[in-house]
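Asks: Pasted the sequence and its predicted model underneath.
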Amino acid sequence: AQKVTQAQTEISVVEKEDVTLDCVYETRDTTYYLFWYKQPPSGELVFLIRRNSFDEQNEISGRYSWNFQKSTSSFNFTITASQVVDSAVYFCALDTGANSKLTFGKGITLSVRP
Amino acid sequence: NAGVTQTPKFRVLKTGQSMTLLCAQDMNHEYMYWYRQDPGMGLRLIHYSVGEGTTAKGEVPDGYNVSRLKKQNFLLGLESAAPSQTSVYFCASSYWRTAGTRTYEQYFGPGTRLTVT
């Protein structure tokens, strides 16, 4: 069975601080995909990144970066120089099946204070 | 493109009432999904469809039914609503995943907030 654990439930930082959101996954499949989604206070879900199990290169997109480590089954997300607009719930998700079903973690609520 | 739309946005039901939530997508996606989001639980898959005329159960299917009569629409039905079905419901869609290759991100609708009293 697939499982995604986001052990941090709530994080609060002051603007301009760096913050890392942790994601640990479990699967027996050798081919799988990991995702991060953002859910701002308005409620919609916004896709941030997709990573497949064969690509362990870290990725950077502006202030966002992702660290994928198969050895520790982790796919962590770092926001550099956080901003108030980063305040949201962040979900990590795992896709292993043929029908692209996603298993979500419980989410991390990030609050960035001015 | 409107993307994924959901109707209605809000609804209040009394226990035992029935209703249907409509999801529509204009991206020609093969796959469609219904999730529910509850506080502290993340999103959990209710039912999904890999193509017109096909449906399958997800993680929490009890109390729900679905239909996919047209490729662009995916309906979620509650035959006899219960307070435990109070939740935010999200519909999502994605392209068909070619076996052994890449997968695609899911595009989500804005959600439907359902309260059952």
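Replies: Yep, it's here. Residues are numbered from 1 along each chain as shown, chains lettered A, B, ... in the order given.

Asks: Run through the residues of chain A sitting next to chain B.
Replies: A:4, A:9, A:31, A:33, A:35, A:37, A:43-45, A:47, A:50, A:52, A:91, A:95, A:98-102, A:104-107 (CB under 8 Å from any CB of the partner chain). For glycine as for every other residue, the C-beta is placed from the backbone atoms N, C-alpha and C.

Asks: just the strands in chain A please.
Replies: A:3-5, A:10-14, A:19-21, A:24-26, A:33-39, A:46-52, A:59-61, A:64-69, A:74-79, A:88-95, A:102-104, A:108-113 (DSSP state E).

Asks: residues in contact with the helix or strand of chain A with the lowest mean pLDDT?
Replies: For chain A, counting by mean pLDDT, DSSP states H and E, strand A:59-61 ranks last in confidence among helices and strands (a mean of 87). With contact meaning CB atoms under 8 Å, 6 or more residues apart in numbering or on different chains, strand A:59-61 is reached by A:49, A:51, A:65-66.

Asks: What residues of it count as buried?
Replies: Of all the residues in strand A:59-61, not one is buried under the rule 16 or more other CB atoms under 10 Å in any protein chain shown.

Asks: where among the strands of chain A is the average confidence lowest?
Replies: Lowest mean pLDDT within the strands of chain A: strand A:59-61, a mean of 87.

Asks: Strand partners (parallel or antiparallel) of that one?
Replies: strand A:64-69 (antiparallel) (DSSP bridges).

Asks: what about the strand it pairs with, distance to the chain center?
Replies: For strand A:64-69, the separation from the chain centroid amounts to 9 Å (computed by CA atoms, centre = their mean, to the nearest Å).

Asks: tell me which residues in that strand are buried?
Replies: A:64-68.

Asks: still on that earlier bit, between the contacts of strand A:59-61, which sits nearest chain B?
Replies: Of all the contacts of strand A:59-61, chain B sits closest to residue A:49, with 8.8 Å by CB to the nearest CB.
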